[in-house]
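In: only geometry, no sequence info:
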DNA sequence: TATCGTAGTCCATAAAGTGGACATCAGAGC
DNA sequence: GCTCTGATGTCCACTTTATGGACTACGATA
């Protein structure tokens, strides 16, 4: 982690931003940020103040909680890749959510983490909103993350699980050993499955997309209360998702040929 | 500019990111970044290296040019406001581009700058692609920016033009005095007009959207080669855009009532 | 081969950032 | 009301970090 040199405060600032991104909907208190990053309170405060001055962080005046700021939204736009993974999958997510009634997620891999790019909620009245858009989590701590691990060479997946060992328990009743079993089970089943393994009462299935050049590794996942996701329904739902994967791949192919049109 | 204290490197890093965002499609060379930010070369290099380590900047191995990195894209997602200005206007931009055949932009105000949130290209073979998505420019240096200035109280617009005086000439044959006239002309016409005023041969029209609570000030604009945008056609095109403003406002209203549905 | 412009590296130095200690405030408990 | 607790925010002497002048490396141009 000791990045070469001369950039201590930048890596600290980046760490703060990443932590805030984890739970941006609710925002974080200063003390939470301090424990999450291991910084001293005055240091964290000062850096946050600097980020606020730059518009990268916003502090709610009433609650004093910290949120990501508009400048990041704007920079993020400029940083968007030409082929936008999110735009590519919007309609597919919508269709899956509509057909299944459950909550659907688009997840990408980012180093040792997974990042939730998009989410659609189905019509079923009990919703499993476990992950919010933009949330960054240890790779493997969601069904989508497990699907992404499944596509990696075993030694690389192992390296990542190893690196994430300490972070995994934070998300519920998870640990490295259980995650390894879940990845193995996923390989057998042909799709990633989390049934009550991470948060009690919530289950999820996920499949990774084949690699699309110029895009990060992506996965589609679906979450519901466990009673709605028995073995039979898992297979149904995965079939729906597989069909949409084909749609996405076709759209990406069309885009590559300049037939962009409604690519986003 | 002298932000209180204790965050010099953060404000320097932010300045670098903002400059890169200005022309992210082509990327920037180190020397360009040095002159644009006024930093010493080793300093800029070191900070860029730190940003690269954090994934916020990417350096093309071949050309050594610097681009915004994937981490910003991911953070930007998490920073997206609940009501997404871009999603809100996607279809409207598409329809305007389809109906007019020209290039259409969605722009927001961000302090003294305008930021291009989205762009759609029409079918007309000669395209005016003056601004790229994510590009941050001095407020007033595009038709969209002028439309945004028009909606502000005169003294505030004046303050902004004043602050931007030095930056305006960078974008073509523009200066503070001409901009003031253009804002005045826009107030008379009822829409912002740039006919050959900024870049020779390129014209544009723009209208601001009424303020939508919880969203930044927004404007729709359209650019074309000047021969396609005489007074008559200006009025036609503005009529199309006005109709779409109503659509957007209706969508925002629907969203507020929880009837979100396809809000994005 | 010499010259220029650009990118990257080094390291003595100084300034910027650090964090222990203190001040302040809101709410809980007596 | 008054004290206690746990939080946020501020200060400033100290020292670690970041700075930038000077150097090297490379490639294009003459």
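Out: Arrived safely. Worth saying up front: this structure is predicted, and the values here are computed from it rather than measured.

In: residue boundaries of the helices in the stretch 151-264 of chain A?
Out: Taking DSSP state H, counting those that start in this stretch as the criterion, the stretch 151-264 of chain A carries its helices at A:154-164, A:176-189, A:231-256.

In: Any idea which of those helices gets closest to DNA strand C?
Out: Closest to DNA strand C of these, according to CB to the nearest atom of the strand: helix A:154-164, at 24.3 Å. Any C-beta I mention is one placed from the backbone N, CA and C, and that applies to glycine too.

In: Off-centre distance for that closest one?
Out: Using CA atoms, centre = their mean, to the nearest Å, we find the averaged C-alpha position of helix A:154-164 to lie 18 Å away from the chain's own average C-alpha position.

In: tell me the mean pLDDT over that helix?
Out: Summarised as a single mean, pLDDT over helix A:154-164 is 93.

In: What of stretch A:112-131?
Out: What stretch A:112-131 shows for mean pLDDT is 85.

In: okay, and for the stretch 1-150 of chain A, where does confidence drop off?
Out: Low-confidence segments of the stretch 1-150 of chain A, defined by pLDDT under 70, span residues A:1-5, A:82.

In: go with 50
Out: Residue ranges of the stretch 1-150 of chain A with pLDDT under 50: A:1-3.

In: and the closest residue to DNA strand D within the stretch 151-264 of chain A, how many neighbours does it have?
Out: When distances are taken as CB to the nearest atom of the strand, the stretch 151-264 of chain A reaches nearest to DNA strand D at residue A:170, 18.0 Å away. Applying other CB atoms under 10 Å in any protein chain shown, we find 13 other residues in the vicinity of residue A:170.

In: do residue A:72 as well
Out: When neighbours are counted by other CB under 10 Å, residue A:72 registers 33.

In: What's the separation between the residue of the stretch 151-264 of chain A closest to DNA strand D and residue A:19?
Out: In this structure, residue A:170 lies at 12 Å from residue A:19, with CB to CB, to the nearest Å as the measure.

In: Please apply the same query to residue A:91.
Out: When distance is defined by CB to CB, residue A:91 is 33 Å away from residue A:19.

In: Over to residue A:135?
Out: The value you get for residue A:135 to residue A:19, if CB to CB is used, is 11 Å.

In: cool, and residue A:123?
Out: Residue A:123 sits 34 Å away from residue A:19 when distances are taken as CB to CB.

In: One more: residue A:43?
Out: According to CB to CB, residue A:43 and residue A:19 sit 14 Å apart.

In: ditto for residue A:204
Out: Taken as CB to CB, the spacing of residue A:204 relative to residue A:19 amounts to 24 Å.

In: Break down the stretch 1-150 of chain A into its strands, ranges please.
Out: Taking DSSP state E, counting those that start in this stretch as the criterion, the stretch 1-150 of chain A contains strands spanning A:57-59, A:66-68, A:103-110, A:113-120, A:136-138.

In: follow-up on the earlier one: the more surrounded of residue A:91 and residue A:19?
Out: Regarding residue A:91 and residue A:19, a neighbour count based on other CB under 10 Å identifies residue A:19 as having more, with 19 against 14.

In: I'd guessed that one sits against residue A:30; true?
Out: No: counting by CB atoms under 8 Å, residue A:19 stays clear of residue A:30, with 11.5 Å between them.

In: Please tell me how far the closest residue to residue A:249 other than its chain neighbours sits from residue A:248.
Out: The shortest distance from residue A:249 to any residue other than its chain neighbours is 6.7 Å, reached at residue A:210 (CB to CB, 6 or more residues apart in numbering or on different chains). Residue A:210 is 10 Å from residue A:248, where distance means CB to CB.

In: Can you pick out the residue with more neighbours from these two?
Out: Neighbours were counted for residue A:210 and for residue A:248 using other CB under 10 Å; residue A:248 has more, 21 against 11.

In: quick one, what contacts the more buried one?
Out: Counting by CB atoms under 8 Å, 6 or more residues apart in numbering or on different chains, residue A:248 touches A:88-89, A:92, A:209.

In: of all of the stretch 51-200 of chain A, which residue lies closest to DNA strand D?
Out: residue A:64 (4.4 Å).

In: So which of the contacts of residue A:248 is the closest to residue A:219?
Out: Each of those was checked against residue A:219 using CB to CB; the closest is residue A:209, at 6.6 Å.

In: Near DNA strand D, which residues of the stretch 101-250 of chain A are found?
Out: On the criterion CB under 7 Å from any atom of the strand, DNA strand D has no neighbours in the stretch 101-250 of chain A.

In: where does the stretch 101-250 of chain A come near chain B, residue by residue?
Out: Residues of the stretch 101-250 of chain A lying close to chain B by CB under 8 Å from any CB of the partner chain are A:108, A:110-111, A:115-117, A:132-136, A:216.

In: of these, buried ones?
Out: For these, a burial check counting by 16 or more other CB atoms under 10 Å in any protein chain shown picks out A:108, A:110, A:115-117, A:132-136, A:216.

In: can you redo the residues you listed as JSON lines with distance to residue B:199?
Out: JSON lines is the format used below for those (distance: CB to CB, whole Å):
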{"residue": "A:108", "distance to residue B:199": "37"}
{"residue": "A:110", "distance to residue B:199": "38"}
{"residue": "A:115", "distance to residue B:199": "38"}
{"residue": "A:116", "distance to residue B:199": "40"}
{"residue": "A:117", "distance to residue B:199": "36"}
{"residue": "A:132", "distance to residue B:199": "42"}
{"residue": "A:133", "distance to residue B:199": "37"}
{"residue": "A:134", "distance to residue B:199": "36"}
{"residue": "A:135", "distance to residue B:199": "42"}
{"residue": "A:136", "distance to residue B:199": "40"}
{"residue": "A:216", "distance to residue B:199": "36"}
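
In: According to the record, where do the domains of chain A fall?
Out: Domains of chain A are assigned by automatic domain parsing as A:8-76, A:82-256.

In: Do the shortest one and DNA strand C come into contact?
Out: Think domain A:8-76. Yes: part of domain A:8-76 sits near DNA strand C under the criterion CB under 7 Å from any atom of the strand, namely A:8-9, A:12, A:39-43, A:46-47.

In: among those residues, who's most crowded?
Out: Per-residue neighbour counts (other CB under 10 Å) across the residues of domain A:8-76 next to DNA strand C peak at residue A:47, which has 25 neighbours.

In: wait, doesn't that one sit right on residue A:15?
Out: No: at 9.3 Å, residue A:47 and residue A:15 do not qualify as touching, with contact defined as CB under 8 Å.

In: shared neighbours, these two?
Out: Applying CB under 8 Å, 6+ apart, one finds that residue A:47 and residue A:15 are jointly contacted by residue A:39.

In: For the residue of the stretch 151-264 of chain A closest to DNA strand D, give me its contacts.
Out: A:138, A:141.

In: hey, what's residue A:57 bridged with?
Out: Following DSSP bridges, residue A:57 is listed with bridge partners residue A:68.

In: no, scratch that, I was asking about residue A:28
Out: Applying DSSP bridges to residue A:28 gives these bridge partners: residue A:66.

In: Look up how far DNA strand C lies from the residue in the stretch 1-150 of chain A that chain B sits nearest to.
Out: Closest contact between the stretch 1-150 of chain A and chain B, by CB to the nearest CB, is at residue A:76 (1.3 Å). The gap separating residue A:76 from DNA strand C is 24 Å, by CB to the nearest atom of the strand, to the nearest Å.

In: cool, residue A:89 as well?
Out: The span separating residue A:89 from DNA strand C equals 35 Å under the rule CB to the nearest atom of the strand.
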